[in-house]
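> build the 3D model from these lines:
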Amino acid sequence: MIRPLAYLTAVLAVAVCGLLPLFSMLLQAFTSDGSLSLAALEGVLDSPRQWRLLGNSLALAASSASLAAAAGVPLGLLLARTDLPGRRLLSMIFALPLLVPPYVMAVAWLDLLAPDGPVAPLVPAGLLDRLLFGGGGPVLVLGTIYLPIPMVLTMAYSRGVDPRLEEAARLVCSWPRTAAAVTVPLIMPALLFSWLLVFILALGEFSVPALFRLDVFSAESFTLFSAMYDFKAATVQSLPLAAFALLFILLEGLVMSPARGRFVSAPLSGRAGLLTMELGRYRLPALAAVMAGALILVLMPVGGLALKAVGSGLLVQALFSSWPSLVRSLTYGAAGASLLTAAGFFIGCMVRQRDLPGWRLADLMCLFLFALPGTVLGIGLISLWNHPSTSLIYGSFIMVLMGYLASYTALAERIILAQLVQIPDSMDEAARAAGASWARRLAFITVPLSSRGIAAAWLVGFLFCMRDTDITMLVYPPGQETMPVRIFTLMANGAPDFIAALCMLMLAAVVVPASILWMLMGTAARGKWQQMS
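Have a look, this model is predicted:
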């Protein structure tokens, strides 16, 4: 009885925080005087502007996903399966843009490529403006930000390929042909999923296109609600984004179903038992190419932002003026990560065991809410809780935590599930035969053996909650803005040097605790696994 209750509680918590607000939003938008009315649908995509917005959004998302995949897939193979020096450090460098709010990287690139920036003398006058503000700028920034997604998925799934297949191929062909004929085809579902994931994330992003003055659908919905207070119009503008989120989970099932069960035997000890692709005389050229990519895509824009912040001498002033927002971000991030890790753990256990009805629907619900743009979730939360009877909830930080729980539980669930499937069923069966209750099996078998996944899920949840802008900007209590919201609202009329200083503080606020927590939790979890094994 305890086990179904725990699973049901986790599922209901996510549903109340995510699905119920969406239902409330749709109900208010499509009812009039207590009866159903579809009048709000009139005008959806019936004007050239609406189709232009949709076209811009789709083109931006597809281009960003293609750029991220084109760079991330070969990079992931090099970092995971070759003898390239400095793989761990290079992985951390390329992952850096994903740790901060997207607009931070946009600011860094705009400063680097500004008319008075260091790159301007190297290119013809006016060319940078045409490239940056003609659509190339947002594609470059979003492609760089989401590059770690295909990179990490390629690294993870390539380590799950049966080494015997690669050994057989190596008897008759070289490593490049082995990778092209064996490794890449086997992990193709994961590569397609990474493209879809980047596509849906870029489709819902509005801060980066706004900085590059590119009109997209997500920005239109946000503006209609936050600036014009037109709730029904904002809801209707959100429908195409919600439709793409539904399409995403359908495609995810088609793409990933052939891969489920194929990679679950990936070695727990990282690279143990894997074949290493020896680069030979191409080792140094490959290292030079990867380092050049890291320099151009990450270190130059971030380094330029850091130099601007340090050179202005405003770091201390920025810290003293924004420390309440910084502390609030850390607090909200830690609380949100704890909630979504708990929910993700129980939903992951439910999906792993597959012995309770509705496990697949729970998994799809989490994935759908993750694919849904944060602006849509934020509008839904406001429509549900903005009433006199629920003012205590609406005017508190609980709104922010509910948004985090709805949007990011899928991350924790998938990370923990990947660890749970590696625990042998025989351990749980032996404990059950000995008379151990579900709670004792959970406490002494499941949790210790999945501690690395739990630690990683908490850390990833913390990072995504820390960097969140879309949801937080709509639902945070008055006067209780987080650091990402504070920076974004100051961009309209704040001094560029002061904005650069705030961005560097935001970067440090994410990277420093993330590095410390990752080392501490990773060391503890590895020690526990070694003791249990």
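
> poorly predicted segments of the chain, please.
1, 32-46, 117, 120, 123-129, 131, 225-233, 256-273, 517-533 (pLDDT under 70).

> show me it divided up by domain.
By the assignment in automatic domain parsing, the chain contains the domains 1-31+313-533, 61-216+255-309.

> so the spatially most central residue of the chain is in which element?
Taking Cα atoms, centre = their mean as the criterion, Phe464 is the residue nearest the geometric centre of the chain, at 6.4 Å. Using DSSP states H and E, Phe464 falls within helix 451-467.

> send me that helix as CSV with only the CA atoms.
Taking C-alpha atoms only, helix 451-467 is exported to CSV below (Å, rounded to 0.1, in the frame of the first residue of the first chain):
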residue,chain,number,x,y,z
SER,A,451,22.9,7.4,-5.4
ARG,A,452,25.0,8.6,-8.3
GLY,A,453,21.9,9.1,-10.4
ILE,A,454,20.2,10.9,-7.5
ALA,A,455,23.2,13.2,-6.9
ALA,A,456,23.4,14.0,-10.7
ALA,A,457,19.6,14.6,-10.9
TRP,A,458,19.8,17.0,-8.0
LEU,A,459,22.7,18.9,-9.5
VAL,A,460,21.1,19.1,-12.9
GLY,A,461,17.9,20.3,-11.3
PHE,A,462,19.7,22.9,-9.3
LEU,A,463,21.4,24.2,-12.4
PHE,A,464,18.2,24.5,-14.4
CYS,A,465,16.3,26.1,-11.5
MET,A,466,19.1,28.6,-11.1
ARG,A,467,19.2,29.6,-14.7
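
> buried stuff in stretch 463-481?
Under the neighbour-count criterion of 16 or more other Cβ atoms under 10 Å, stretch 463-481 has 463-476, 480-481 buried. Where you see a C-beta, it was placed from the backbone N, CA and C, and this is true even at glycine.

> and Arg88, how many residues sit next to it?
Burial of Arg88, expressed as a neighbour count using other Cβ atoms under 10 Å, amounts to 8.

> same question for Leu20.
Residues near Leu20, counting by other Cβ under 10 Å, number 17.

> which residues does it contact?
Taking Cβ atoms under 8 Å, 6 or more residues apart in numbering as the criterion, Leu20 is in contact with Leu384.

> gap between it and Met473?
Distance of Leu20 to Met473, given as Cβ to Cβ, to the nearest Å: 21 Å.

> same check, this time on Thr482
Counting by Cβ to Cβ, the separation of Thr482 from Met473 is 9 Å.

> in terms of helices and strands, where is the nearest residue to Ala342 once chain neighbours are set aside?
Distance criterion Cβ to Cβ, 6 or more residues apart in numbering; nearest residue to Ala342, sequence neighbours excluded, is Ala10 at 7.2 Å. Secondary structure here is read from DSSP H and E; on that basis Ala10 sits in helix 2-29.

> of the domains of the chain, which is nearest Ala234?
With Cβ to Cβ, the closest approach to Ala234 among these belongs to domain 1-31+313-533: 5.7 Å.

> helices along the stretch 301-450 of the chain, start to end?
Secondary structure of the stretch 301-450 of the chain by DSSP state H, counting those that start in this stretch: the helices cover 315-353, 359-371, 374-385, 391-394, 398-420, 425-433, 438-441, 447-449.

> circling back: between the domains of the chain, which one is nearest to Gly55?
For those, proximity to Gly55 was assessed by Cβ to Cβ; domain 61-216+255-309 is nearest, at 9.7 Å.

> now do the same end-to-end measure for the closest one.
31 Å (Cα to Cα, to the nearest Å).

> residues of stretch 195-213 that come out buried?
Burial within stretch 195-213, assessed by neighbour count using 16+ other Cβ under 10 Å, is assigned to 195-212.

> tell me where the protein has strands.
Here the chain has its strands, by DSSP state E, at 31-32, 35-36.

> what's the burial count for the residue lying closest to Ile445 once chain neighbours are set aside?
With Cβ to Cβ, 6+ apart as the criterion, Ile445 has its nearest non-adjacent residue at 5.4 Å, and that residue is Met427. Met427: 15 surrounding residues under other Cβ under 10 Å.

> check the one 10 residues further on too.
Ser437 has 12 neighbouring residues, counting by other Cβ under 10 Å.

> what's around the residue lying closest to it once chain neighbours are set aside, how many residues?
If the residues on either side of it in the chain are set aside, Ser437 comes closest to Ile2, at 7.8 Å by Cβ to Cβ, 6+ apart. By the measure other Cβ under 10 Å, the count of residues near Ile2 is 10.

> number the residues from 45 up from this point.
Okay, residue one is now 45; in that scheme the one you just asked about reads as Ile46.

> residues in contact with Ile46?
Taking Cβ under 8 Å, 6+ apart as the criterion, Ile46 is in contact with 481-483.

> ok, now Met344?
Leu156.

> could you measure from it over to Val183?
Using Cβ to Cβ, which is the criterion applied here, Met344 is 17 Å from Val183.

> and what of Val163?
Per Cβ to Cβ, Val163 is found 17 Å from Val183.

> the two: who's more crowded?
Val183 (24 against 14).

> outside of stretch 349-369, which residues touch it?
With Cβ under 8 Å, 6+ apart as the contact definition, stretch 349-369 has outside contacts at 148, 151-152, 155-156, 370, 525-527, 529-530, 540-542, 544-549.

> same question for stretch 475-491.
46-47, 393, 464, 467, 471-472, 498.

> can we see that at 10 Å?
Surrounding stretch 475-491, the residues in contact under the criterion Cβ atoms under 10 Å, 6 or more residues apart in numbering are 45-48, 50, 389-390, 392-393, 396, 460, 463-464, 467, 471-474, 492, 494, 498, 572, 576.

> so how do I select the buried members of these in ChimeraX?
Typed into ChimeraX, the next command selects the buried ones out of those (criterion: 16+ other Cβ under 10 Å):
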select :47,50,389,390,392,393,396,460,463,464,467,472,492,494,498,572
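
> picking that back up, now render the domains of the chain as TSV, adding distance to Pro92.
Supplementary listing: the domains of the chain in TSV, determined by distance: least, Cβ to Cβ, whole Å:
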stretch	distance to Pro92
domain 45-75+357-577	23
domain 105-260+299-353	12
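
> for Leu268, find the nearest of those.
Each of the domains of the chain was checked against Leu268 via Cβ to Cβ, and the shortest separation belongs to domain 45-75+357-577, namely 9.4 Å.

> how far does that closest one sit from the chain's center?
Mean C-alpha position of domain 45-75+357-577 versus that of the full chain (Cα atoms, centre = their mean, to the nearest Å) differs by 11 Å.

> for stretch 293-301, same thing?
On the basis of Cα atoms, centre = their mean, the separation between the geometric centre of stretch 293-301 and that of its chain is 18 Å.
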